[in-house]
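> sequence below, structure please.
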Amino acid sequence: MSRAINKRSGVQQNYIADKSEIGSVASDYNGGFIGRFTRGRVDKVFAVSAERIDRKLGAAVSLTVSALGEAQIQISEAFRTGMQQAIVSRLIATDSVNKLLIATATVPPEGGGAVPVVWSTGLQSEGLPEGALIAFKHLECFNDGLVCEINAQAAEDAQGKAVPSKIITVQFVDPASDKTIIGPFTGSLDPRAIDEFGNSNYIADVIDKGTDDLDVIEVAADASVPVACGFYGKANNQDKFASAKLDYFTEGRTVYTAAEMAAGADRLRRSKPNFTYLNAGGTENVALLSLIADLGKELNKQFPFDVPGRLSPEAAVSFVQSIGASVKTLYAQAYWAPLKRDNPIAGGKAFFGTSGQQIGLRCARNAQVNSKGIAPRNRVIAGSDYGLSGTNITQTYDVNEVDDLELLAENQINPCIFKDYPTSGGKYAWLDSLTGAQTTGASKLIAVAEMATFLDDKVAAYGQETLQKPMNDAITMMTRFMAKNLLPACESAGWFNGTAELNGAAWQTQVKPDESAPYDVMSVMFDVCYQGTNRITKAQQSIIRQS
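Next up is the predicted model:
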């Protein structure tokens, strides 16, 4: 067997091509969140796992201290109910300051006295202070500071005499857990230094290869660590580290301007990796809710959001109306829970929303794929199968099943209240599943919105694969993907129903050159009839005369 044959006789076996995949669904288990946190990058989004939530976002803040602490509750509850990863955009004001972490190779003064400090902070605009060795910038921006540590490796000349060192080790410790979270990194202060493999051993290059959370801003020219320096070499056979906790980051305001909120939303827009659901962290800021709702429509992402639970149904309706048209689409879904319950991460009892649990439960459902890789998105997270998790729950508003529930449904607000089900028992449940779409059609249903946005995502993603191919090849590829793969797979999961409008079929698709630009535009059209959700059951008993 050979991979390439020109003129000789033989068998050319080409590389394996796998065309069986529907497309990546890793993002189906992720949520995108925006909010105020005490830790986290402010220049781009960052990924958070359940195991590292405190490390990445900081200590939880009680809602009695700050209502903005709800964002971390929503992430925590999403993890607890099934989400795999949170993609977080941290809101930050323009008056925040991230100072440099500066190390100086200080030595005891000749006449005795206190040794000058090794670690200090400074502004990047001011450059490296005189006598300083190296300056770092920590990009995770901890409100509670960072413990910085440095050691210089002992060096000797040819005669075995100690000489100044150019090899340093730096590491950075979480002040909350006392664990090393960055490093240790060992490298040279000489930009020309290389290791035994011929790779750069310059400390800036070593750190750049090892982490994205720390930058070396400047290294002093011809820098070295004197023998008399306090962190030179070892003591009692242990490396001597100079250690200090630096409060280098100042958060600034926590009341954000329109531009600052827009910047936070834009970070989610440019997010990599991807996510399926958006969450505004329980905010009551209607401008931010409008921004994220618009982002959901732009990115084809579902946006479950919370209406404050302390409001009456009438006030809840007014709150949603105040957000405006942005939430009146199939992408936005409003939830109202007049419930006080225990804060699961910071203690105390308070009102907070249920959108985080909605995202977590949807992610858990999305993981339950059939043999063709399709999840039961036609099963909405509502009704008797799903109960709200939490302890010490108290419902603060007695909902009238006629007037209040009619008002909420009329305004596309989904209540989460206590319901006694005859089979599964009493629970706090989501009683409805409406999107914000202003229609009597199928897109008013959350299940339909979930299925429809999934299809759009997959078609758009596979469409990328067909770009820059010959037109006929692209049409063949897309037709095969739609008609032989994606749509039959979704039908196998019970997403579709046959309809007379398609002569009994549940779907149809057509791929062809666009009539107005047939040379470089391919048109992909598909019609589907989705299975709906039983929101209303009507029963009629007829008493028949005995004869």
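> low pLDDT regions in the stretch 101-250 of the chain?
For the stretch 101-250 of the chain, no stretch has pLDDT under 70.
> for it, what spans make up the helices?
Counting by DSSP state H, counting those that start in this stretch, the segments of the stretch 101-250 of the chain that form helices are 203-210.
> do the same with the chain
Using DSSP state H, the helices of the chain run over residues 53-57, 70-81, 203-210, 258-269, 286-299, 313-323, 355-366, 403-410, 446-466, 471-480, 487-492.
> want to throw these into a markdown table with mean neighbour count and distance to Phe418?
Heads up, the C-betas are built off the backbone N, CA and C, glycines and all. Below are the helices of the chain laid out as a markdown table (neighbours: other Cβ atoms under 10 Å; distance: least, Cβ to Cβ, whole Å):
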| stretch | mean neighbour count | distance to Phe418 |
| --- | --- | --- |
| helix 53-57 | 19 | 29 |
| helix 70-81 | 24 | 19 |
| helix 203-210 | 18 | 52 |
| helix 258-269 | 17 | 34 |
| helix 286-299 | 21 | 27 |
| helix 313-323 | 17 | 15 |
| helix 355-366 | 26 | 16 |
| helix 403-410 | 16 | 13 |
| helix 446-466 | 19 | 21 |
| helix 471-480 | 16 | 49 |
| helix 487-492 | 19 | 35 |
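> and stretch 452-470, average pLDDT?
Across stretch 452-470, the average pLDDT comes to 96.
> how far off centre is it?
Counting by Cα atoms, centre = their mean, to the nearest Å, stretch 452-470 is centred 23 Å from the centre of its parent chain.
> now stretch 370-382
With Cα atoms, centre = their mean, you get 22 Å for stretch 370-382.
> buried ones in that stretch?
Within stretch 370-382, the residues that count as buried by 16 or more other Cβ atoms under 10 Å are Ile374, Ala375, Pro376, Arg377, Asn378, Arg379, Val380, Ile381, Ala382.
> returning to what we had before: just send the helices of the chain back as TSV, with distance to Thr180 too.
Below are the helices of the chain laid out as TSV (distance: least, Cβ to Cβ, whole Å):
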stretch	distance to Thr180
helix 53-57	12
helix 70-81	24
helix 203-210	13
helix 258-269	28
helix 286-299	36
helix 313-323	45
helix 355-366	31
helix 403-410	51
helix 446-466	39
helix 471-480	49
helix 487-492	46
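> closest to Ile181 out of those?
Closest to Ile181 of the helices of the chain, according to Cβ to Cβ: helix 53-57, at 6.8 Å.
> what's opposite the residue nearest the centre of the chain in the beta bridge?
With distances taken as Cα atoms, centre = their mean, Ile87 lies nearest the centre of the chain, 1.2 Å away. Under DSSP bridges, the beta-bridge partners of Ile87 are Gly32, Ala47.
> before we move on, the earlier item: what's the farthest-apart pair in the buried residues of stretch 370-382?
Counting by Cβ to Cβ, the most remote pair of the buried residues of stretch 370-382 is Ile374 and Ala382, 20.4 Å apart.
> I figured Leu278 hits Asp294, correct?
No. With contact defined as Cβ atoms under 8 Å, Leu278 does not count as touching Asp294 (10.5 Å).
> so what sits against both of those two?
Common contacts of Leu278 and Asp294 (Cβ atoms under 8 Å, 6 or more residues apart in numbering): none found.
> tell me the domain ranges of this structure?
Annotated domains of the chain cover 39-93+254-435, 97-250, 449-528 [automatic domain parsing].
> run the chain-centre distance for the longest one.
Its chain's C-alpha centre lies 13 Å from the corresponding centre of domain 39-93+254-435 when counted by Cα atoms, centre = their mean.
> model confidence over it, on average?
Here the average pLDDT along domain 39-93+254-435 is 97.
> and that domain, how far apart are its ends?
End-to-end distance of domain 39-93+254-435: 33 Å, with Cα to Cα, to the nearest Å as the criterion.
> same deal with the last one?
Between the opening and closing residues of domain 449-528 lies a distance of 13 Å (Cα to Cα).
> chain center to it, what's the gap?
29 Å.
> need the buried residues of stretch 370-382 in a markdown table (columns: distance to Val147).
Output for these, formatted as a markdown table (distance: Cβ to Cβ, whole Å):
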| residue | distance to Val147 |
| --- | --- |
| Ile374 | 48 |
| Ala375 | 44 |
| Pro376 | 48 |
| Arg377 | 46 |
| Asn378 | 51 |
| Arg379 | 48 |
| Val380 | 48 |
| Ile381 | 42 |
| Ala382 | 47 |
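> can you tell me which of the residues you listed end up in strands?
Using DSSP state E, the subset of the buried residues of stretch 370-382 located in strands is empty.
> of all those, which comes closest to Ile203?
Distance to Ile203, by Cβ to Cβ, is smallest for Ala375 among the buried residues of stretch 370-382, at 47.2 Å.
> list the residues that contact the closest one.
Contacts for Ala375 (Cβ under 8 Å, 6+ apart) come out as Val25, Asp28, Arg365, Asn366, Ala367, Gln368, Val369, Ala493.
> re earlier: between the helices of the chain, which gets nearest to Ala332?
Nearest to Ala332 among these is helix 286-299 (4.7 Å), distances taken as Cβ to Cβ.
> which elements pack onto that closest one?
Using 3 or more Cβ pairs under 8 Å, 6 or more residues apart in numbering; DSSP states H and E as the contact test, the elements touching helix 286-299 are helix 258-269, strand 277-279, strand 303-307, helix 313-323.
> as JSON lines, these with distance to Leu467 would be great.
Output for those, formatted as JSON lines (distance: least, Cβ to Cβ, whole Å):
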{"stretch": "helix 258-269", "distance to Leu467": "21"}
{"stretch": "strand 277-279", "distance to Leu467": "27"}
{"stretch": "strand 303-307", "distance to Leu467": "29"}
{"stretch": "helix 313-323", "distance to Leu467": "37"}
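> quick one: closest of those to Ile475.
By Cβ to Cβ (comparing all of the helices and strands packed on helix 286-299), the closest turns out to be helix 258-269, at 31.1 Å.
> before we move on, the earlier item: which of the helices and strands packed on helix 286-299 sits closest to Leu214?
For the helices and strands packed on helix 286-299, the distance to Leu214 is smallest for helix 258-269, at 19.9 Å, taking Cβ to Cβ.
> residues touching that closest one, excluding its own?
Applying Cβ under 8 Å, 6+ apart, the contact partners of helix 258-269 are 32, 34, 44-45, 87, 89-94, 256, 278, 285, 287-288, 291-292, 295, 298-299.
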